[in-house]
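> Could you look at this predicted model? Sequence included:
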Protein chains: 2
Amino acid sequence: MRGRASPRAPVTDSEFDIIASIFAPLSKGASGAFSLTDDAAALPSGDYIVTADMMIEGVHFLKSDPLDLVARKLLRVNLSDLAAKGAKPIGYLLTCAWPAAAKRADIELFADGLAVDQETYRVALYGGDTTRHSAAGAPLTLSATFFGAAPRQGMVTRAGAAPGDDLYVSGTIGDAGLGLAALQKSEKFSPAAREFLVCRYRLPDPRITLGGALAGFASAAIDVSDGLLADAGHIAETSRCAITIAAESIPLSPPARSWLDRQIDKNAAYGRLASFGDDYEILFAAPPRARRAIEMAATVSKTPVVRIGAAARGEGVRLLDGSGREITVDESGFDHFSRR
Amino acid sequence: MRGRASPRAPVTDSEFDIIASIFAPLSKGASGAFSLTDDAAALPSGDYIVTADMMIEGVHFLKSDPLDLVARKLLRVNLSDLAAKGAKPIGYLLTCAWPAAAKRADIELFADGLAVDQETYRVALYGGDTTRHSAAGAPLTLSATFFGAAPRQGMVTRAGAAPGDDLYVSGTIGDAGLGLAALQKSEKFSPAAREFLVCRYRLPDPRITLGGALAGFASAAIDVSDGLLADAGHIAETSRCAITIAAESIPLSPPARSWLDRQIDKNAAYGRLASFGDDYEILFAAPPRARRAIEMAATVSKTPVVRIGAAARGEGVRLLDGSGREITVDESGFDHFSRR
């Protein structure tokens, strides 16, 4: 279970605390629920992995976002959870609370987006509930529950990282946060860079093939939605180990690299890129003996994977600069930035 | 999939139409989704039945309703869907969008309610998502996806009723609607009657044991949430048959019977009782040769079951008075009443 954040709405400690202290006890007796420490659960037979995510207008998307893209993002953020667990997506249930003033055309546009990505990811709608808010101005509130076939080797959890394991991440980090900043006009980019970054924010690319290929090799995995550092923290906490990340090894897209080059305080800039969230890449740990297998998984899935750090004894997450010194990440700065 | 109604928010034709025309095509290729004509779906292996329902403050519950009872009702309306399909409940995923001003104590009270009914129905929380609205005044919006073990004989759908089948309903009808009317002060009752009816509105009693016992005997089943007539209509439409219901055979609780006795226009009163919704009883069809088996199912599950009508060739639902004449149900009157 996740108190999910977007760059606009970082999860507060109290929300993580609410899950751990109020909701986790309700999973007692369900071994596949992993005490709600994961993004997904395994149904009792072990054949299915399930996950649920909510998206709320004004929290996870902007009122001005086109509804077909909102629909596609709803599918993709859920598919990303399944991907990190090594599951093969099958279908989903959808519940929608529409604003009182929603028009039929709005719902059709939303469904068009679902249709496009159902085709892309070969999933089908299995059911759900559709209703309308009675309060004027109440925001569009969407929830999807996805299920997928569990990998033969069992679900990859957050809990298996061991001291000495390598830490890897797929794709590139920080694009979505910069894309949101572009939309909110707090950062400026060339038209081509802006388009790339906004697209990365609006349409994450769930790493399903990679996730499937990692099952059996990754010791722990999570999709990066709260931010690279925060999600590394989730692995560290659940696996009871420390994690170090070398800032300069974090993979960046050309537009993010060029943005970084323009920043005066490089350490602060790395801190921001690693805190943005909404990347929907897979962050995972694996023992050094699996390096060859990880390389193969990246190749067969045609997904770039980079080694960015390691697990160690201890606790917490440290971001290191080029000379191995810890970078202090200005969380309040992040909050301020992200809430603009 | 269901555009679910409460007595306060009847589903409009356009919402049913939205499901049939916009969402149903998205279930293509998923045989267990039954083209979204049912309240639940079967996962591909056939082992699991899944269903999802949403509850919105101001639509499905009152802002003044205690949050532990809201939590219990959320579980029970979903459990009722599983019951009608003959499934044995296992667990659920929960997504909550809390009002910006929600306090920790609100969330704790809600979780207390979940804990009570998880114990009653032996289900566990498997995961989900918890987040907060950013818009001031945005209503508490809850969604639960339940999964249960499919009955050996396969899920009981809405589609199997055949001309000549008997029509049955469990428990009593109309209590929840009268309970809501009592809360809204549009109807007056003795204190004891009021308490009984309000409890029936706030805490439906999902007929899980009965539902399991009916699998293999019932040809079609649905839980009564939109109202007896509307839900009979769903069976008639999906099974492509007509349904007749004898008003005087509809089972009533003593407080509902006493309310009926006070009404001048008995036919109109029957029409209202059969239109209220939120009963969460099981309405089902079965061939006459199954009468003995149905009686046994009622006995072993200790759940009253009454034969109230029959399926025939044709289409639509007719409510008949004691002399076999059709009762015209004043839908607009229902709407007006229910929206007060």
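Good, I have the coordinates. Bear in mind that the values here come from a model prediction, so they are computed numbers and not experimental data. Numbering: from 1, shown residues only, chains lettered A, B, ... in the order given.
> A:Tyr280: neighbour count?
As a burial measure, A:Tyr280 scores 25 neighbours (other CB atoms under 10 Å in any protein chain shown). The C-beta positions use only the backbone N, C-alpha and C, and glycine is treated the same way.
> Quick check: the closest residue to it other than its chain neighbours vs A:Ser170, distance?
Nearest residue to A:Tyr280, sequence neighbours excluded (CB to CB, 6 or more residues apart in numbering or on different chains): A:Pro204, at 3.5 Å. Here A:Pro204 is placed at a distance of 12 Å from A:Ser170 (CB to CB, to the nearest Å).
> same thing with A:Ser239?
19 Å.
> sorry, back to before: what's the pLDDT at the residue nearest to A:Tyr280?
Here the pLDDT value assigned to A:Pro204 is 94.
> Domain boundaries for chain A, per the record?
A:13-149, A:166-339 (automatic domain parsing).
> so of those, which one's packed in deepest?
With neighbours defined as mean count of other CB atoms under 10 Å in any protein chain shown, these peak in mean count at domain A:13-149, which reaches a mean of 22.
> to the chain's geometric centre, what's the distance from that one?
13 Å (CA atoms, centre = their mean, to the nearest Å).
> now do stretch A:253-260
With CA atoms, centre = their mean, you get 20 Å for stretch A:253-260.
> and if you look at stretch A:303-320?
For stretch A:303-320 - counting by CA atoms, centre = their mean - the centre lies 17 Å from the chain centre.
> gap between the two ends of it?
This stretch, stretch A:303-320, spans 25 Å end to end (CA to CA, to the nearest Å).
> tell me the mean pLDDT over that stretch?
For stretch A:303-320, the mean per-residue pLDDT is 97.
> Just the helices from the stretch 151-300 of chain A, written as ranges.
Counting by DSSP state H, counting those that start in this stretch, the stretch 151-300 of chain A has helices at residues A:175-183, A:191-202, A:208-214, A:228-239, A:254-262, A:266-273, A:291-300.
> Now distance to A:Ala220 too, for those helices, in JSON lines please.
Shown next, in JSON lines, are the helices of the stretch 151-300 of chain A (distance: least, CB to CB, whole Å):
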{"stretch": "helix A:175-183", "distance to A:Ala220": "23"}
{"stretch": "helix A:191-202", "distance to A:Ala220": "25"}
{"stretch": "helix A:208-214", "distance to A:Ala220": "10"}
{"stretch": "helix A:228-239", "distance to A:Ala220": "5"}
{"stretch": "helix A:254-262", "distance to A:Ala220": "26"}
{"stretch": "helix A:266-273", "distance to A:Ala220": "22"}
{"stretch": "helix A:291-300", "distance to A:Ala220": "13"}
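> Would you reformat those helices as a markdown table and include distance to chain B?
Supplementary listing: these in a markdown table, determined by distance: least, CB to the nearest CB, whole Å:
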| stretch | distance to chain B |
| --- | --- |
| helix A:175-183 | 14 |
| helix A:191-202 | 17 |
| helix A:208-214 | 17 |
| helix A:228-239 | 14 |
| helix A:254-262 | 27 |
| helix A:266-273 | 22 |
| helix A:291-300 | 25 |
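> The ones you listed: which one's closest to B:Ala41?
helix A:208-214 (21.9 Å; CB to CB).
> Show me what the closest one is in contact with.
For helix A:208-214, contacts defined as CB atoms under 8 Å, 6 or more residues apart in numbering or on different chains pick out A:79, A:82-89, A:121, A:151, A:156, A:170, A:221, A:282, A:284, A:286, A:294, A:296-298, A:300-303, A:305.
> what does stretch A:34-43 give?
Here stretch A:34-43 makes contact (CB under 8 Å, 6+ apart) with A:1-2, A:19-20, A:23-24, A:27, A:30, A:32-33, A:48-51, A:81-82, A:84-85, A:87, A:147, A:150, A:154-155, A:157-159, A:222-223, A:238, B:48, B:90, B:93, B:125-127, B:147.
> Among those residues, name the ones in strands.
Cross-referencing these against strands under DSSP state E gives A:48-51, A:147, A:222-223, B:48, B:90, B:93, B:125-127, B:147.
> how about the spatially closest residue to A:Ala247 that is not a sequence neighbour, what does it touch?
Excluding the flanking residues, the one nearest A:Ala247 by CB to CB, 6+ apart is A:Tyr270, at 4.0 Å. By CB under 8 Å, 6+ apart, the contact set of A:Tyr270 is A:247-248, A:250, A:260, A:319, A:321, A:327.
> do A:Ala101 as well
A:Ala136.
> does A:Leu93 really touch A:Ala124, like I thought?
No - A:Leu93 is not in contact with A:Ala124 according to CB atoms under 8 Å; the separation is 10.7 Å.
> follow-up on the earlier one: among the helices of the stretch 151-300 of chain A, which is nearest A:Leu74?
Of all the helices of the stretch 151-300 of chain A, helix A:191-202 comes closest under CB to CB, at 11.5 Å.
> The closest one to helix A:175-183, inter-axis angle?
Helix A:191-202 runs at 120 degrees relative to helix A:175-183, counting by axes from the mean of the first three to the mean of the last three CA atoms, to 10 degrees.
> just checking, A:Leu319 touches A:Glu326?
Yes - here A:Leu319 reaches A:Glu326: they are 6.9 Å apart, a contact under CB under 8 Å.
> So in that sheet, which strands flank the host helix or strand of A:Gly309, and in what orientation?
Using DSSP states H and E, A:Gly309 sits within strand A:305-312. Here strand A:305-312 has these sheet partners by DSSP bridges: strand A:166-170 (antiparallel), strand A:242-246 (antiparallel).
> got those as JSON lines, with distance to A:Ala97 columns?
JSON lines is the format used below for these (distance: least, CB to CB, whole Å):
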{"stretch": "strand A:166-170", "distance to A:Ala97": "33"}
{"stretch": "strand A:242-246", "distance to A:Ala97": "38"}
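> could you dump those to CSV with mean pLDDT and distance to A:Asp65?
Formatted as CSV, the strands paired with strand A:305-312 follow (pLDDT from 0 to 100; distance: least, CB to CB, whole Å):
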stretch, mean pLDDT, distance to A:Asp65
strand A:166-170, 98, 25
strand A:242-246, 97, 31
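> In chain A, where is pLDDT below threshold?
A:2-14, A:331-340 (pLDDT under 70).
> which residue is nearest the middle of it?
By CA atoms, centre = their mean, chain A has its centre lying nearest to A:Ser225, at 2.7 Å.
> and the gap between that one and B:Leu180?
A:Ser225 is 40 Å from B:Leu180, by CB to CB.
> How about A:Ala138?
21 Å.
> now do A:Pro151
Using CB to CB, one gets 48 Å for the distance from A:Pro151 to B:Leu180.
> Go ahead and confirm A:Pro139 touches B:Ala138.
Yes - if you go by CB under 8 Å, A:Pro139 and B:Ala138 touch, sitting 5.4 Å apart.
> Sweet, I'm off.
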